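J.: Fold the following, please.
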Amino acid sequence: MPRPFDNLRGQLVLLIVAALAVAQTISLWLFVDERGLAVRAALGFEAAGRAANVALLLEEAPESLQQAILRAANSPLVRFDLSDIPAVDHESHADGGAVEARVRGLLGGANDREIRVELHEVEQGIPPMPHLAPEMAEMHLAMMRGELSAIEMQLSIALADGQWLNVGTRFERPPLQWPWASIVSFGITAAIILVSACWFLLTRLTGPLLRVSRAADRLGKGEAVDPLPLIGPSEVRGLTQAFNRMQARLTRFVADRTRLLAALGHDLRSPLTAMRVRAEMVDEDETRESLVASIEEMQEMVDATLAFARGMASSEVYETVDLKTYLKQLQADMIDGFTLDTANSISVRLRPQSVRRALRNIIENAQRYGGGAEVTFVHDAEYVQIRVSDNGPGVPEAELEQVFEPFFRLEKSRSRETGGTGLGLSIARTIVRAHGGDVALTNRTEGGLLVTVTLPLETEPDQQERNTS
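T.: Alright, predicted model coming up:
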């Protein structure tokens, strides 16, 4: 079974979603940081504006009202105080220039007024601002959450009467927020990209690729494959066009070879027939029988060789068969028969006559050299294994692969009665491999030979196309 995201479509979708998620995360982080800077700037300017207005009020109001003005101006986050000395005992820092410029502008733009600004960051564990009532301190802690860093600003403004208006305020970095609107926006964006663009484009890409893959597999098994339509991106169309050209060349090559072999077979049969007729005219019985036997052996070898070279009925149409019924029919058709042990059944797509010939060759070998044949089969999700076992002497380990070579015979007498033509297993393996499977030999530990015929389990091509479209 394919693993999740093992195919091209799944991997591209995963890559696109991951890229969108990373981009959205970076965007939100940058947005929050920009938002924090904007909030700090706004709070700083707001505090500077309030300080400038309070300074103007204090200079214009009588001394008896100054403390009342200060009390009214105080808030949980901004503290005002009059003193003979400035709270900031040095010139303004460079980063306080904007605040100083704002205060100076609100105070009339006079350059002779001394204004001092100090900004510094307060680390974790923000304490309440001093001089706050208990309820205000509690409110301040709740607003600051007591856990985030904050910026503290000290502002000292020289008044006309020689006193200093000292202003202190703190404002925290806004907490990291993931607004639902951003999350919903990300979901909608990803859905639109995947559905309207990516899924359509990926289908145009992977659909033709799957069709080429299926067609190449079917072509390798000798099935007739119609030219594939040129659809999809230019690279995929180029691949499809190359496949169609390859298919046409292979078809022509096989057709030319088949015609050549058919002509060769016809040309060989004519002189063999003539030799057979002339051999029958020989008067001496022993010589005549020897010549006839040799000619028949030559005729059989020619027929077997032509059948092997042509690919064993490569034009036969694939059919889906019930394997248990198929093997029972083969058992009934064979004269000697064989033992069949099948507990269940499964449907297999194959060329019935070709596979029947391959199995007959294997079973007849078991009957001839192993004293009988027992046939069973097992299957998993992808393959079915047909196992033919016997109780014969087996095959030497060094020759387990060599026996598949054309005309190789373990029995060296070259007699057709005891050794055959040496093409049975070669033909069987060629047929099975043309189906996408294989034939393997192993010696059983209890004695005898085990032949395992492996065939793939597949749905029909039209069903595969429907499943991938």
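
J.: For residue 408, grab the count of nearby residues.
T.: Look at residue 408: counted by other Cβ atoms under 10 Å, it has 13 neighbours. Bear in mind the C-beta positions are built from the backbone N, C-alpha and C, glycine included.

J.: What strand or helix carries it?
T.: Using DSSP states H and E, residue 408 sits in no helix or strand.

J.: With residue 278 instead?
T.: Using DSSP H and E, residue 278 falls in helix 234-280.

J.: And the strands in this protein?
T.: 78-83, 115-122, 150-158, 164-172, 319-322, 339-341, 347-350, 374-379, 383-389, 438-443, 449-456 (DSSP state E).

J.: and these as TSV, adding mean neighbour count and distance to residue 426?
T.: Output for those, formatted as TSV (neighbours: other Cβ atoms under 10 Å; distance: least, Cβ to Cβ, whole Å):
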stretch	mean neighbour count	distance to residue 426
strand 78-83	18	98
strand 115-122	18	85
strand 150-158	21	87
strand 164-172	22	85
strand 319-322	14	24
strand 339-341	12	25
strand 347-350	20	19
strand 374-379	18	21
strand 383-389	20	16
strand 438-443	17	10
strand 449-456	20	13
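
J.: In TSV: the ones you listed, plus mean pLDDT and distance to residue 98.
T.: Shown next, in TSV, are these (pLDDT from 0 to 100; distance: least, Cβ to Cβ, whole Å):
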stretch	mean pLDDT	distance to residue 98
strand 78-83	89	18
strand 115-122	80	9
strand 150-158	83	11
strand 164-172	82	15
strand 319-322	91	82
strand 339-341	87	93
strand 347-350	90	80
strand 374-379	92	79
strand 383-389	93	76
strand 438-443	94	81
strand 449-456	94	76
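
J.: so can I have TSV of these showing distance to residue 360?
T.: Formatted as TSV, the strands of the chain follow (distance: least, Cβ to Cβ, whole Å):
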stretch	distance to residue 360
strand 78-83	101
strand 115-122	90
strand 150-158	90
strand 164-172	88
strand 319-322	16
strand 339-341	14
strand 347-350	14
strand 374-379	11
strand 383-389	11
strand 438-443	13
strand 449-456	12
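
J.: between those, which gets nearest to residue 242?
T.: strand 449-456 (25.4 Å; Cβ to Cβ).

J.: so where's the stretch 51-200 of the chain uncertain?
T.: 91-96, 109-110, 122-150, 171-182, 194, 196-200 (pLDDT under 70).

J.: Swap in 80 and give it another go.
T.: 76-77, 90-99, 108-112, 119-151, 170-187, 189-200 (pLDDT under 80).

J.: With adjacent residues omitted, what lies nearest to residue 66?
T.: Leaving aside its sequence neighbours, residue 66 sits nearest to residue 58 (Cβ to Cβ, 6 or more residues apart in numbering; 5.5 Å).

J.: which other helices and strands contact the helix holding residue 278?
T.: helix 199-220, helix 285-309 (3 or more Cβ pairs under 8 Å, 6 or more residues apart in numbering; DSSP states H and E).

J.: will you turn those into a markdown table that also has mean neighbour count and distance to residue 404?
T.: Shown next, in a markdown table, are the helices and strands packed on helix 234-280 (neighbours: other Cβ under 10 Å; distance: least, Cβ to Cβ, whole Å):
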| stretch | mean neighbour count | distance to residue 404 |
| --- | --- | --- |
| helix 199-220 | 17 | 19 |
| helix 285-309 | 15 | 12 |
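
J.: Distance to residue 67 for those - can I get that in a markdown table?
T.: As requested, the helices and strands packed on helix 234-280 are exported to a markdown table (distance: least, Cβ to Cβ, whole Å):
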| stretch | distance to residue 67 |
| --- | --- |
| helix 199-220 | 71 |
| helix 285-309 | 116 |
